[in-house]
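Sharing a model that was predicted from the sequence below.
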Protein chains: 4
Amino acid sequence: MTPFSLSRRLTAEVLGTSFLVATVVGSGIMADRLTADTALALLANTLATGTILVVLITLLGPISGAHFNPVVSLVFAMRRELKATFALAYAAAQVVGGILGTFLAHAMFELPLLQTATTIRTGGGQWLAEVTATFGLVFVILAGLRFRSEAIAWLVGLYITAAYWFTASTSFANPAVAIARSLTNSFAGIRPIDLPGFIIAEVLGGLLALVLSSWLLMEARTAQSQHTHGN
Amino acid sequence: MTPFSLSRRLTAEVLGTSFLVATVVGSGIMADRLTADTALALLANTLATGTILVVLITLLGPISGAHFNPVVSLVFAMRRELKATFALAYAAAQVVGGILGTFLAHAMFELPLLQTATTIRTGGGQWLAEVTATFGLVFVILAGLRFRSEAIAWLVGLYITAAYWFTASTSFANPAVAIARSLTNSFAGIRPIDLPGFIIAEVLGGLLALVLSSWLLMEARTAQSQHTHGN
Amino acid sequence: MTPFSLSRRLTAEVLGTSFLVATVVGSGIMADRLTADTALALLANTLATGTILVVLITLLGPISGAHFNPVVSLVFAMRRELKATFALAYAAAQVVGGILGTFLAHAMFELPLLQTATTIRTGGGQWLAEVTATFGLVFVILAGLRFRSEAIAWLVGLYITAAYWFTASTSFANPAVAIARSLTNSFAGIRPIDLPGFIIAEVLGGLLALVLSSWLLMEARTAQSQHTHGN
Amino acid sequence: MTPFSLSRRLTAEVLGTSFLVATVVGSGIMADRLTADTALALLANTLATGTILVVLITLLGPISGAHFNPVVSLVFAMRRELKATFALAYAAAQVVGGILGTFLAHAMFELPLLQTATTIRTGGGQWLAEVTATFGLVFVILAGLRFRSEAIAWLVGLYITAAYWFTASTSFANPAVAIARSLTNSFAGIRPIDLPGFIIAEVLGGLLALVLSSWLLMEARTAQSQHTHGN
C-alpha cells in the first residue's frame, strides 16, 4: 500500500506515538500547574490532544497509516490489511514511542524521567467507558475509511475531543498510550496495576467495532450478492 | 436514495442518537463533577456535543441520513423525501437510541440507570428559545443540502456549538434527545412535565424553517418559471 | 451575480444579521449569568460568535453575499461590485436585522426588549482597536475572495475568534452590530454616545484595507501590464 | 514561484508577522486583565494564536509563502527553495513586523509602547521545549508541503494550539516573535537576556526537522533509485 520502507513506517509510528503521548502528558502537567480547576485542566488537555491528533494522522498517515495504537494495528491485521508480523512490529514501535513521549514531557517540565503513576482508574464503570471509547474510535476509523478517507484525521481528532468528556475514563482507548501513561505520576497517569483492565476493555471495544461495522457498512446490493454467492 | 437496507438505516439512527445522548449527558456529568463553574461545565458540554455531531453525521449520514431527530425526519417526510412510515420508524429508533444513550452514560459514571430529571425548564422564554433553536437547526440542514451538502456535518456541529450559548434553553432542538434527557437527574436533565412545551416548540420551529426556506432558497429564474406555470 | 431576487437578498441580510446579533448578545447574557470570570464569559462569547459566522456566511453567502455589515457593503460598492442603491438597502436591512436580533435575545432571556447600554467604550485605544479589527476583517474578505473564496466563511469565523481577544475593543468591526449592541444593557453592550467613534473607526479601517489590498494583491505581471497601459 | 514582486512579498511578511505578534501579545494582555486563572489566560492566548495563524497563512501564503519566522526562511534557503539574500530580507521583515506588532498591541491597550520584559524563561527544560516545539513546527511544514500542501495553514494552526500546552515554554518556536516578545512586559513576555538560549534552541530544532524529514519523507522507490545513482 504505502510506498515507504518498513524502517520509515516504524519510525513514523515511534515519532507519532511519542508526540501524541508527550502532548497528553505534557499538556496535563502544564494545565495542572496553571489552574486549580480540574475541568479547565481537562479542557486544555482535550484541546491539545484533539489538535495534535489531526496533525499527526494527516502527516504520518501517508507513511505508516498513523495507527499509534496496538488495537488499531490488531484490527487491520484481522482485516488482512496488515501482516501479523508487521502488526507486532507496529505495536512494539508504538509502546517504545509512547514511553519516549512520557520521558520527553518529563524532561521538558524538569521532572524525574522515571515515575510510577498512583492515579486509581479501575472498576466496572471505567472498563465500560474504555470499551465504549475504543469501540467508537475503531468505528470512526473503519467507517471513515469507507466513506470519507480524506477526512479521517479530522474525524479522529474530533471524536477524541468528545470522548475525553463523555466517557468516565477520559478515553484512553489505546494500550500503548495507557502503558506510557502508567509511567507518569501527573494529571494523565494511571496505576500500573490498573493497566490490564484497561487493555482488555480496549481490545474488546475494538473487536466489537470490527464486528458491527462488518455488517453495518455493507450496502444492500453487496449484501444480497454475498448472500447469493453464499448459497 | 441510500443503498443501505432499512435495518441498517434504523441501526444507524439508534447508534447515532445513543452516542449523541451519551455525549450530551456524559459530558455534563463529567464537567459537573470537575468544576463548580457552570459556564465552564457548559463549555465542556458544548465542545463535546459539537464535535461528536460532526463525527456522527459524517459517518452515519451515508447510511441513514443521520437525522437523530424526529423533527428532521418529519420535515423530510413533509418534503416527500422520506416515506411517512419510514419517518415513524426513524422517530421510534431515535427515541430508543436516545434512552439507551442515557443508560450508557449512567452506567459509565456508575449512577443509577433509571432516574427522573428535576431541572425546571419552562416558560415563554424557554419555549421561544426552542422555537429559535430548532428553526435554526432545520434551516441549516435545508440550506446546507441546497448549497454545501458535503459540509453539512460541520455546519450542524458549528451551529449547535453556537446555539448552546445564544438560546436561553441551551438548544435541545430535538424531541428524542429531550425525552432521553428527562431520564437523567444530572447537568443535562429536563423535568418530564416540561417535555410537552419543549416538543411543541421544536416542531413549530422546524415547520417555520421549512416554510421560510421553501421561499428563500428559490432562485429568481426558478421562481419566475413556477409563477408562469402556475397561471 | 447572485440568481436570487432582491427581496430574498435583503431577507438574507436581515436574517443573517439578526442571528449574528442574537448570538453575540444572547451568548453574552448566558455566559454572564453562569460565571463570575469575565475571561470565561468572553471565551464563550467568542466561541458562539466565531461558529455562527461560519454557518451564516456559508449558507446565506450564495443568496446575498452574506455581508451583515455596512462597511463590507460600502467596500463592495466602492469596488463597483454592488450598486450604490443596493448597498444602501443592504445597510438598512443589516441595521433592522441587528436590532431584531437584540430583541430576540432579550425575549429568549426574558429581559425587557428595550434597553440602553451603559458600558463605556471610548478613547484612542478603543478607536485604534476598531480601525485594526475592521482593517483585518475587510482584508480577510478581499484576500479571501482573491485566493480561497470557497473558504471565506471559515476565514472570517477564525479571524473574529482571534480578534475578540487581540483587539482592546473585542472587535465590533461592524456598524450595524454596534448599533444593535447599543440597545442592550448586558455583557455585549456599548453606550449609544460611544457609537460615532466606533463607526468612524470601522469605516476608516475598512477603507485602509481596500487601499492596501488593491496594491498588495496585484501580481507582478498584472502590475507591469497596467503600468505599460498607463503610459 | 510566486508571481508577486519582492516588495509585495516583504510587505506580506511584515504584515503577517505584525498581526501574529499583535495577536500573541494582545490576547495575552486581554486575558490577563479579565481573569486570575493562568490556565484560562493561556487558553484564550492559544485560541487567538491558533486561529490567526490559519487566517494569515491561508491569505498571505500565496504572496510570500507566509513564513513569518526566520527559522522557516533559513530551512527553505538550505533546501535551495529561497535565495540566501531573500532569506535575509525575509528575516529582517519578520523582525520589523514582529516589533510593530508589539507596538500595535501596546497602543490598543493604552500601555507604554516601549517596554522590557521581565519574565524569566531559561534553563534546560525550556531549551529542550523550544528544540521540540520548533522541530515539530518545521516537520509539520515540510511534511505538509509533501503530502497536503492545501491544508498547511490548518496544520500549523492546530500544531501551535497543541504546542502551547505540551511544551514547557508554551512554544515560541520563532526567533522574530521571540525578539518582539522581549519588548513587552506582559503575559507573553520573555527577558531579553533569555533570547539567545531560545533562538539557538529554535534553530537547532528546525535543523533537526530538516535532517529527519529529508530521510523520512523519501519513498522506497525514490530512495532505491537515489542509492543506485549514488553508486
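The structure has been received and is ready for your questions.

Give me the number of neighbouring residues for the residue nearest to residue A:70 when sequence neighbours are not counted.
The shortest distance from residue A:70 to any non-neighbouring residue, by CB to CB, 6 or more residues apart in numbering or on different chains, is to residue A:91 (4.0 Å). Any C-beta I mention is one placed from the backbone N, CA and C, and that applies to glycine too. Residue A:91 has 21 neighbours, counted by other CB atoms under 10 Å in any protein chain shown.

hang on, residue A:91 packs against residue A:71?
No - under the criterion of CB atoms under 8 Å, residue A:91 makes no contact with residue A:71, lying 9.3 Å away.

next one: phi and psi at the residue positioned nearest the centre of chain A?
A centroid search over chain A (CA atoms, centre = their mean) returns residue A:174, at 4.0 Å, as the residue closest to the centre. Phi and psi for residue A:174, reported as degrees, to the nearest 10, are phi -160, psi 110.

ok, now residue A:29?
Main-chain torsions, residue A:29, degrees, to the nearest 10: phi -60, psi -50.

ok, it touching residue A:109?
Yes - applying CB under 8 Å as the test, residue A:29 and residue A:109 come out as touching, 4.9 Å apart.

out of the two, which sits in the busier spot?
Neighbour tally, residue A:29 and residue A:109, criterion other CB under 10 Å: the higher count belongs to residue A:29, 23 against 20.

closest point of chain A to chain C, which residue?
Among the residues of chain A, residue A:40 lies closest to chain C, at 8.8 Å counting by CB to the nearest CB.

per-residue confidence for that residue?
For residue A:40, the pLDDT comes out at 98.

same question, the one 10 residues further on
Model confidence at residue A:50, expressed as pLDDT, equals 98.

Tell me the spacing between it and residue C:193.
44 Å (CB to CB, to the nearest Å).

between the two, who's got more neighbours?
Taking neighbours as other CB under 10 Å, residue A:50 and residue C:193 compare with residue A:50 leading, 25 against 12.

tell me which element that one falls in.
For residue A:50, the host element (DSSP states H and E) is helix A:38-64.

Also compute the angle for that helix relative to helix C:38-64, please.
Counting by axes from the mean of the first three to the mean of the last three CA atoms, to 10 degrees, helix A:38-64 points 50 degrees away from the direction of helix C:38-64.

Give the next helix or strand downstream of helix A:38-64.
Next element after helix A:38-64 (DSSP H and E): helix A:70-78.

buried ones in the helix holding residue A:50?
Neighbour-count burial for helix A:38-64 flags A:39-64 (criterion: 16 or more other CB atoms under 10 Å in any protein chain shown).

for residue A:70, what are its contacts?
A:87, A:90, A:91, A:94, A:95, A:174, A:175, A:176 (CB atoms under 8 Å, 6 or more residues apart in numbering or on different chains).

Which one of those residues is nearest to chain B?
Set against chain B, the nearest of those by CB to the nearest CB is residue A:174 (17.4 Å).

Apart from its neighbours in sequence, what residue is nearest that closest one?
Closest to residue A:174 by CB to CB, 6+ apart is residue A:69, at 4.3 Å.

burial of that neighbour, as a residue count?
So residue A:69, with other CB under 10 Å, has 29 neighbours.

How about residue A:115?
So residue A:115, with other CB under 10 Å, has 16 neighbours.

How about it: what's its closest non-neighbour residue?
residue A:185 (4.4 Å).

I'd say that neighbour and residue A:114 touch.
No - using CB under 8 Å, residue A:185 is not in contact with residue A:114, being 10.1 Å away.

Between those two, which has more neighbouring residues?
residue A:185 (16 against 10).

Next one: that one relative to chain B, how far apart?
According to CB to the nearest CB, to the nearest Å, residue A:185 stands 20 Å off from chain B.

picking up where we left off before, what strand or helix carries the residue nearest to residue A:70?
Here residue A:91 is assigned to helix A:84-108, by DSSP H and E.

buried sites along that helix?
For helix A:84-108, burial by neighbour count (16+ other CB under 10 Å) applies to A:86-87, A:89-91, A:93-108.

what do you get for stretch A:195-209?
A:195, A:197-199, A:201-209.

rewinding a little: dump the contacts of residue A:70 into a markdown table; add distance to residue C:76 as well.
Formatted as a markdown table, the contacts of residue A:70 follow (distance: CB to CB, whole Å):
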| residue | distance to residue C:76 |
| --- | --- |
| A:87 | 57 |
| A:90 | 54 |
| A:91 | 57 |
| A:94 | 53 |
| A:95 | 58 |
| A:174 | 50 |
| A:175 | 56 |
| A:176 | 54 |
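
out of the residues you listed, who's nearest residue A:216?
residue A:174 (23.1 Å; CB to CB).

Does that closest one touch residue A:71 like I think?
Yes - between residue A:174 and residue A:71 there is a contact under CB under 8 Å: 6.7 Å.

so what sits against both of the two?
Among the neighbours of residue A:174, those also in contact with residue A:71 (CB under 8 Å, 6+ apart) are A:134, A:137, A:202.

Might you report the residue contacts of residue A:110?
D:123, D:124, D:125, D:168.

Please see if the helix holding residue A:50 touches chain B.
Yes - counting by CB under 8 Å from any CB of the partner chain, chain B has neighbours in helix A:38-64: A:38, A:39, A:40, A:42, A:43, A:46, A:50.
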